[in-house]
Each structure stands twice: as structure tokens, then as C-alpha cells.
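**Q** can you look at this prediction? I've put the sequence above it.
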Amino acid sequence: MSWASKLSKPYRVEHGKKLRLKDHDPADTAKLHSQERAQELLAKSVARMAELQDKLYAQNRWGLLLIFQAMDAAGKDGAIKHVMSGVNPQACQVYSFKTPSAEELDHDYLWRNMKCLPERGRIGIFNRSYYEEVLVVRVHPEILANEKIPAPLVTKNIWENRFQDICSFERYLCRNGFVIRKFFLNVSKKEQKRRFLDRLQQPEKNWKFSVADLHERERWDDYMNAYEEMIANTSTPHAPWFVIPADNKWFTRLAVAAAIVDTLDNLNLAYPKVDPQKRRELQAARKVLLGSSK
Ligand code: ATP
Ligand code: MG
């Protein structure tokens, strides 16, 4: 087993298992105590990711969709920034999903996500996603009421139905060659408080703080219940969730990078083979270049 596989596997949620977030320690660092060692491994995985992405792009068959969900200040933005620091920007796209617009509310909830799916050969990142539809929308019934869904369809089964629809959608993507990996950055309530205070105290971080974040924090337990149910119901073999410890940013970044490297490694990516016709063309082109005077 590769180190990337070994490091990320404990955080992967098995399909069909009951999940208790209480059993997942946000401060876990997989017995890695030296940040320097973690940084070395992160650099190694970023380099490996760049190699693999180059093949993914050249081969132009598979696509990779990475989904990030978390409470505020869990470190989504930082994880995305660090993990993708070595990859070719041309073959990578990031979308952040905010409160839906009036136009978006006039469609089904997957519509806006579908428009942002990565193309083959690329890595697409969703910073928040359609999973908000079973998180913030579940915690705040008034958001659901605003979604204009016909009343007979809003039943007590709505969350169960959404889990099923999301799983079907992801299976469809998977059968088309799009690999999906989902990350829940599991920060503790205590660490969130520390990071909020930091944002309030440091002028250069003030912009990151919103009073709305405090209101969501008040609903912490409701969110944790929603996350538990969501992860247990939508972690599948082809689109698994990873519950990533998020109290130590250096470890979060490493664990996410390891999961991505492991995923790409398992695709057996390779540069496209040159057929005899193409080889003749390349040889002819070489001759022309060598024969030219300048
Ligand atoms: P930051 O880390 O910069 O705060 P953020 O992802 O929290 O980034 P915000 O603009 O603060 O970005 O918040 C986006 C808000 O949009 C979140 O509160 C999220 O719950 C909400 N949101 C996202 N998708 C939906 C949705 N489908 N329905 C309702 N609200 C949504
Ligand atoms: Mg926010």
C-alpha cells in the first residue's frame, strides 16, 4: 500500500456504515507530530499530483471532481489553495457555491452545479456544493420554503429522497468517467471559536468574519446531525466521503492531498500512445526542423 493510501484510508467512510462524528477526533494527526515531516510529505504529494494531473490532461478520458464541505473557518479555502498549489491552472477549475440566486431558484437544485462540472482531463473543485441542500437547507426550514418546490413534494421523506437523488447523480457521473471524492473538514467547536476570535482580532483577517457565521455556530449540534446523516447516506464506493481532522491545518492539507494522490494513482493514468502513423509524422517533422538553416 502506498503512503498516500495508508495516510488517507482511515478517514474514508465505508459505504453503509453508521457514522458518529463523536468517534472522529478533529485534532487527530495520524501520529505525525512533526510539522516539518508533514510539510515534506505535502510537498511530495503536490509534486506527485502535478505529474498525475499532466497525464490526466494529456489522456483526456477521466475527470476528477473534488467536493469540500465544512463549518465556517474549518479551512476549506486554505486546503484548496495549498493542495492545488502545484497543479496546472489550465487543467483545474474551482467554483464556490453561495446562496442561490433568483435564477438558480427557478431550477432544480442540481442545475447550477451541473453547469460547473469539470471537463474530461480536468480537476474540478466545488467549494460547497449541492450538499448544502441537505445541510443549511435542512437546518433552516425557511430556506426550503423559499425553494418553490410544489407543496405535495415537500414530505417528511424529502431528505431521504435527496440522498437518493444525489447518489444516483454521482453514480451517473462515475459511469461517465468522472471520479468523485468528497471531503468534510471536521473542525471542533472550540477550534472554530479560536479562529473566529483570530479573525476579529487581526485587521487583515477581519474581512473573513461575518456575523451570520455566529448564527450558524449557534446551530452547531443541528449541523453535526445533518452532516452525520448526509455522510452516512451518501458515502458510496464510487464517491466516498473523507472525514478529515481539521483542528490542525497542516494535517488537513496533507490528508486531503494524500487522498487525491491515492485516487489518481489508482486510475493507472498514462500518456496517450503514439500510433505508427503519428510516429512517422513526428519523424518527418524532426527531419524538417533539423534540415532548416536557422
Ligand atoms: P468563507 O470561508 O469565505 O466564509 P463561505 O463558503 O462560507 O466562505 P460565504 O459567502 O460566507 O462563503 O457563505 C456562503 C453561504 O451560502 C453559506 O452560508 C452557505 O450555507 C450558503 N449556501 C450555499 N449553497 C446554498 C444553497 N444551496 N442553499 C442555501 N444556502 C446555500
Ligand atoms: Mg462563510
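**A** Everything's here; your move. The structure presented is a predicted model; accordingly, all values stated were derived computationally and were not measured. Residues are numbered from 1 along each chain as shown. Ligands and ions are numbered 1, 2, ... in the order given.
**Q** what about residue 272, distance to ligand 1?
**A** 37 Å (Cβ to the nearest ligand atom, to the nearest Å). C-beta: built from backbone N, CA, C; applies to glycine.
**Q** and residue 54, by the same measure?
**A** Using Cβ to the nearest ligand atom, one obtains 30 Å as the distance from residue 54 to ligand 1.
**Q** can you tell me the element that residue falls in?
**A** Using DSSP states H and E, the element containing residue 54 is helix 35-59.
**Q** contacts only, for residue 181.
**A** The neighbours of residue 181, taking Cβ atoms under 8 Å, 6 or more residues apart in numbering as the test, are 64-67, 239-240, 242, 259-260, 263.
**Q** among these, which one sits closest to ligand 1?
**A** residue 67 (12.2 Å; Cβ to the nearest ligand atom).
**Q** neighbouring contacts of the one helix or strand the closest one maps to?
**A** Under the criterion of DSSP H and E, residue 67 resides in strand 63-70. Contact with strand 63-70 is made by 56, 76, 79-80, 117-129, 131-132, 135, 173, 177-187, 227, 246, 260, 263-264, as judged by Cβ under 8 Å, 6+ apart.
**Q** that strand near ligand 1 at all?
**A** No - Strand 63-70 is not in contact with ligand 1 by Cβ under 6 Å from any ligand atom; minimum separation 8.5 Å.
**Q** what of stretch 71-79?
**A** Yes - residues of stretch 71-79 are located near ligand 1 by Cβ under 6 Å from any ligand atom, namely 72, 77.
**Q** what's the span of that stretch from first residue to last?
**A** With Cα to Cα, to the nearest Å as the measure, stretch 71-79 spans 14 Å from end to end.
**Q** how close does the most centrally placed residue in the chain sit to residue 138?
**A** Compute the mean C-alpha point of the chain, and by Cα atoms, centre = their mean the closest residue is residue 67, 2.5 Å away. In this view, residue 67 and residue 138 are 17 Å apart by Cβ to Cβ, to the nearest Å.
**Q** repeat for residue 26
**A** In this view, residue 26 and residue 138 are 22 Å apart by Cβ to Cβ.
**Q** who in the stretch 1-150 of the chain is up against ligand 1?
**A** Neighbours of ligand 1 within the stretch 1-150 of the chain, by Cβ under 6 Å from any ligand atom: 72, 77, 96-100, 128, 132-133, 136-137, 143.
**Q** of these, closest to residue 34?
**A** residue 77 (25.1 Å; Cβ to Cβ).
**Q** would you double-check that the closest one falls in a helix?
**A** Yes - according to DSSP: H, G, I helix; E, B strand; the rest coil, residue 77 belongs to a helix.
**Q** what sits against residue 125?
**A** Neighbouring residues of residue 125 by Cβ under 8 Å, 6+ apart: 65-68, 80, 84, 92-95.
**Q** quick check: chain neighbours aside, which residue is closest to it?
**A** Spatially, and ignoring its direct neighbours in sequence, residue 125 is nearest to residue 94 (4.3 Å; Cβ to Cβ, 6 or more residues apart in numbering).
**Q** okay, now the spatially closest residue to residue 169 that is not a sequence neighbour: neighbour count?
**A** The shortest distance from residue 169 to any non-neighbouring residue, by Cβ to Cβ, 6+ apart, is to residue 110 (6.2 Å). If you count neighbours by other Cβ atoms under 10 Å, residue 110 ends up with 15.
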